[in-house]
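Colleague: turn this into a model:
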Amino acid sequence: MLDGVVGMKKLNNYTETVVEQVLKEILADRDDICKCETCQLDIMAKALNNLPPQYYVTDRGEVFSKLLASYLDTRTKVVTEITKAIMQVSRQPHHAANEVADK
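Modeller: Predicted coordinates for the structure are as follows:
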């Protein structure tokens with residue numbers, strides 16, 4: 001990637017982190033959703049495609065202080081998009097019948 005320019009730094013998408021965290025919370029509270037890896041990734045992909053990315057760069061070991069000002073707004077949007085994605089994926093899952101997990 002960029003021929004040595006990117007040393008020990010890492011590019012991260014804050015929105016992806018929040019989507020993953022919120023999805024785990026939602027899945028823990030619901031028994032009516034397929035929890036196989038394929039469905040989880042489909043839900044995340046659909047939600048992320050409808051949310052703006054929020055990229056940041058960190059050095060190795062550096063603690064990322066969350067964007068507190070935008071956290072609640074981001075979380076609200078994430079919950080909305082995950083809910084839509086769950087409905088879409090539940091209607092038309094992309095997994096085989098033998099992949100269904102913990103539904």
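
Colleague: so which elements touch whichever strand or helix holds V19?
Modeller: For V19, the element it lies in under DSSP states H and E is helix 14-29. Other helices and strands packing on helix 14-29, by 3 or more Cβ pairs under 8 Å, 6 or more residues apart in numbering; DSSP states H and E, are helix 37-49, helix 68-91. Quick note: C-beta positions are derived from backbone N, CA and C, even for glycine.

Colleague: what mean pLDDT does that helix get?
Modeller: Helix 14-29 carries an average pLDDT of 94.

Colleague: could you check how far the spatially closest residue to N50 that is not a sequence neighbour is from E37?
Modeller: Leaving aside its sequence neighbours, N50 sits nearest to E81 (Cβ to Cβ, 6 or more residues apart in numbering; 4.8 Å). Taking Cβ to Cβ, to the nearest Å as the measure, E81 falls 20 Å from E37.

Colleague: mind listing what's buried in stretch 37-44?
Modeller: For stretch 37-44, the buried set under the neighbour-count rule, 16 or more other Cβ atoms under 10 Å, comprises T38, C39, Q40, D42, I43, M44.

Colleague: tabulate the residues you listed (JSON lines), appending distance to K10 and pLDDT.
Modeller: JSON lines is the format used below for those (distance: Cβ to Cβ, whole Å; pLDDT from 0 to 100):
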{"residue": "T38", "distance to K10": "27", "pLDDT": "95"}
{"residue": "C39", "distance to K10": "28", "pLDDT": "96"}
{"residue": "Q40", "distance to K10": "23", "pLDDT": "97"}
{"residue": "D42", "distance to K10": "25", "pLDDT": "98"}
{"residue": "I43", "distance to K10": "25", "pLDDT": "98"}
{"residue": "M44", "distance to K10": "19", "pLDDT": "98"}
